[in-house]
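A.B. asks: Quick one: sequence and predicted model below, then my questions.
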Protein chains: 2
Amino acid sequence: MAAVTSADVARAAGVSRTTVSYVLNDTPGTSITAETRERVRDAAARLGYAPSAAARTLRRGRSDLIVCVLPDWPTGPVVDTLLDHLTDVLAERDLFVLVHHHRDSRALAELWRAVTPRCVVGLSPFTRDDITAMEQAGIQVVGAELDASGFDAGQRWLGRLQAQRLVGAGHRRLAYGTSTDHRLDGFAEQRLHGMQQWCEEHGLARPVAVAVPTDAPASAVVGRWHDDGVTAVAAYNDEVALAVLAGAREAGLAVPGELAVIGVDDVPASRLSTPPLTTVAQPVAAHSEHLARSVLAALDGTPAPAGLGDEVRVVDRGTV
Amino acid sequence: MAAVTSADVARAAGVSRTTVSYVLNDTPGTSITAETRERVRDAAARLGYAPSAAARTLRRGRSDLIVCVLPDWPTGPVVDTLLDHLTDVLAERDLFVLVHHHRDSRALAELWRAVTPRCVVGLSPFTRDDITAMEQAGIQVVGAELDASGFDAGQRWLGRLQAQRLVGAGHRRLAYGTSTDHRLDGFAEQRLHGMQQWCEEHGLARPVAVAVPTDAPASAVVGRWHDDGVTAVAAYNDEVALAVLAGAREAGLAVPGELAVIGVDDVPASRLSTPPLTTVAQPVAAHSEHLARSVLAALDGTPAPAGLGDEVRVVDRGTV
DNA sequence: CTGAAAGCGCTTACAG
DNA sequence: CTGAAAGCGCTTACAG
């Protein structure tokens, strides 16, 4: 509640606001007596001076803030890693990362009335309108692929890889187990799509998606798959895969003998099931590095780094 | 990069900046011609005018931003729920929530040079210094218990409850399985402490904590416990409990016959193990509500809501 | 080596 | 019903 300004500090130290600013910002090229410096610092500390971020930002014409926009996904270790790395890298330039959990309730544009960051980083593609609004507000935009196509391709690749692995193990009749969390529909669609593409290219029947609740063993779904002659399931993620696995156990189906299962994410729990889960691991470290480099490139006006290779890999364990 | 200001809009619309501000902010009590209003809005849209958040904040003397400080914990569904609810509640007052992932690398105080929110919400207790710095910067502070004592008591309660449940099932020799993730040490200590307190109060041997890696079945640890005569394990959380469970299976110990296990969190995966995991569920909805109310109270200057009751409860399933 | 002054872009009494 | 002017708190040429 204080509201101590640089003028108060100046008065208390018996100098001008100019000097206060120079001292407190360590402005180079100004030689101010050690004694004066100390007087200023003392006064600032004594009064509990905290410069106004708004005034600073207004005057300098740019902010030291980077906002990272998180889509409406469940957060977890992957996003954590991304964010931590970004924060570390940007800390070296005295920049701060703040995270916005974007929900559809309010347009993103509203946010820029409350804060104008130097740069906005998106983890999923922005809409054209959002991009326009940010650019007009003088905000740099960095997206994991601004057009959705690269982003989607990455997702499809996961599905392709799952299909490939399953069929490589001799399966011909595949099913897809998707999540009941609708926030993930966009991903699930692309991953399923990739799997279907791959199957089509290899002359296999088109796999169908079934929603698998993850709050209980999915024995009913598993039973139906078995009745339909399905011998292998690609799951949207490890959580779904684990529910399928538990369902198979309840239904008395041998894994991988009677039903093969492959997940995505390589979460810690995937090593704990019996048998341990075969899954597809996403290259989190590479993604983090790429994102950080992209932001730096945008900030420096240098060309964006090349797109990420498809460094996704299958972690072979016991369910395929 | 544009840099369209309200002056540009005023010029384009043939009015003063005053009028632009009135129209664009729907300032009540000003009767401006419908025709003028339209001219202003048109000009703003045509030029892509985005008001400067910094100038707005500086002039009005307060920001529409709330920063939520997240300690260095792994994020997950619980934190998500908290944040989403807070964002929803504050959206009704045209306030925005931004999240700061706090890492020890930089002092929190540095952040207030880049942004000055109206209010900061902490999910874990702040240090005295941090609180002072925020108050001096004119920022309101809301903490889940500003002094750590209430916070710690809640954690200890979890440990007490686990002990109580285990002993209620007839066990006399208990062990504690803690996490290897050191970010959680603070919690783990308190939870263990609570369990030890309870045991002491009931004349039982003091349980010892053992770190349980969660990236593989914990058969070695389980074997040692068994050799020591331990018949029941309280786990730091479900992830640890699941590793213990998998270890018991590998070691050929019957659960709960030869080894009882109880977790904390009630994560989805806890329903999928065999047997399904007995665990302690934290009242996330109640916590969210309480946090949101606390922030509102701070904003309105009304008294803070009463502390949260200990609405933690045991979810009985198959491992005790 | 230090200070007086301008100006960042907005909002809001105050005049007319 | 609309505009000219002040001022939020800072930084930074510019003078001295």
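C.D. replies: It's in. Numbering: from 1, shown residues only, chains lettered A, B, ... in the order given.

A.B. asks: For the residue lying closest to A:P207 once chain neighbours are set aside, what are phi and psi?
C.D. replies: Leaving aside its sequence neighbours, A:P207 sits nearest to A:L174 (Cβ to Cβ, 6 or more residues apart in numbering or on different chains; 4.4 Å). Heads up, the C-betas are built off the backbone N, CA and C, glycines and all. Note on A:L174: backbone dihedrals following degrees, to the nearest 10 are phi -110, psi 150.

A.B. asks: Tell me which residues touch A:L174, please.
C.D. replies: By Cβ atoms under 8 Å, 6 or more residues apart in numbering or on different chains, the contact set of A:L174 is A:163, A:166-167, A:195, A:199, A:204-205, A:207, A:230, A:232-234.

A.B. asks: same check, this time on A:T279
C.D. replies: Going by Cβ under 8 Å, 6+ apart, A:T279 touches A:238, A:241, A:262-266, A:270, A:314-315, A:317.

A.B. asks: Pick the one among these closest to DNA strand C.
C.D. replies: A:D265 (44.2 Å; Cβ to the nearest atom of the strand).

A.B. asks: Got the confidence number for the closest one?
C.D. replies: Listed pLDDT for A:D265 reads 92.

A.B. asks: Over to A:A144?
C.D. replies: Looking at A:A144, its pLDDT stands at 58.

A.B. asks: same deal with A:A2?
C.D. replies: pLDDT, read off for A:A2, is 51.

A.B. asks: Break chain A into its domains for me.
C.D. replies: Annotated domains of chain A cover A:6-51, A:63-149+A:286-310, A:153-282 [automatic domain parsing].

A.B. asks: Select, out of those domains, the one closest to DNA strand D.
C.D. replies: Shortest distance between DNA strand D and the domains of chain A, using Cβ to the nearest atom of the strand, is found for domain A:6-51: 3.4 Å.

A.B. asks: Let's verify A:G257: helix, strand, or coil?
C.D. replies: At A:G257, secondary structure determined by DSSP: H, G, I helix; E, B strand; the rest coil is coil.

A.B. asks: how much space is there between it and B:S273?
C.D. replies: Applying Cβ to Cβ, to the nearest Å, the value for A:G257 to B:S273 is 21 Å.

A.B. asks: Compare these two (neighbour count), which wins?
C.D. replies: B:S273 (27 against 9; other Cβ atoms under 10 Å in any protein chain shown).

A.B. asks: Checking the more buried one next. Helix, strand or coil?
C.D. replies: What three-state DSSP gives for B:S273 is coil.

A.B. asks: A:M134 reaches A:R128, doesn't it?
C.D. replies: No - applying Cβ atoms under 8 Å as the test, A:M134 and A:R128 come out as separate, 11.0 Å apart.

A.B. asks: More neighbours: these two, which one.
C.D. replies: Neighbours were counted for A:M134 and for A:R128 using other Cβ under 10 Å; A:M134 has more, 25 against 10.

A.B. asks: Now tell me what touches stretch A:216-235 from outside.
C.D. replies: By Cβ under 8 Å, 6+ apart, the list of residues contacting stretch A:216-235 from outside reads A:159, A:162-163, A:166, A:169, A:171-177, A:195, A:207, A:210, A:212, A:241, A:243-244, A:246-251, A:253, A:258-264, A:320, B:271-272.

A.B. asks: Can I get it in PDB? Just the C-alpha atoms.
C.D. replies: Provided in PDB are the C-alpha atoms of stretch A:216-235 (Å, rounded to 0.1, in the frame of the first residue of the first chain):
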ATOM      1  CA  ALA A 216     -11.800 -48.500 -13.800                       C
ATOM      2  CA  PRO A 217     -10.400 -51.600 -15.600                       C
ATOM      3  CA  ALA A 218     -11.800 -51.500 -19.100                       C
ATOM      4  CA  SER A 219     -13.000 -55.100 -19.200                       C
ATOM      5  CA  ALA A 220     -16.200 -54.400 -21.100                       C
ATOM      6  CA  VAL A 221     -14.500 -52.700 -23.900                       C
ATOM      7  CA  VAL A 222     -11.800 -55.300 -24.000                       C
ATOM      8  CA  GLY A 223     -14.300 -58.100 -24.200                       C
ATOM      9  CA  ARG A 224     -16.000 -56.400 -27.100                       C
ATOM     10  CA  TRP A 225     -12.800 -56.000 -28.900                       C
ATOM     11  CA  HIS A 226     -11.900 -59.600 -28.400                       C
ATOM     12  CA  ASP A 227     -15.300 -60.700 -29.700                       C
ATOM     13  CA  ASP A 228     -14.700 -58.600 -32.800                       C
ATOM     14  CA  GLY A 229     -11.400 -60.400 -33.400                       C
ATOM     15  CA  VAL A 230      -9.200 -57.400 -32.500                       C
ATOM     16  CA  THR A 231      -5.800 -58.600 -31.300                       C
ATOM     17  CA  ALA A 232      -4.000 -55.300 -30.800                       C
ATOM     18  CA  VAL A 233      -4.900 -51.900 -29.300                       C
ATOM     19  CA  ALA A 234      -3.200 -48.600 -29.800                       C
ATOM     20  CA  ALA A 235      -4.100 -46.400 -26.800                       C
END
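
A.B. asks: Pull the distance from it to the chain's centre.
C.D. replies: Chain-centre distance of stretch A:216-235: 31 Å, with Cα atoms, centre = their mean, to the nearest Å.
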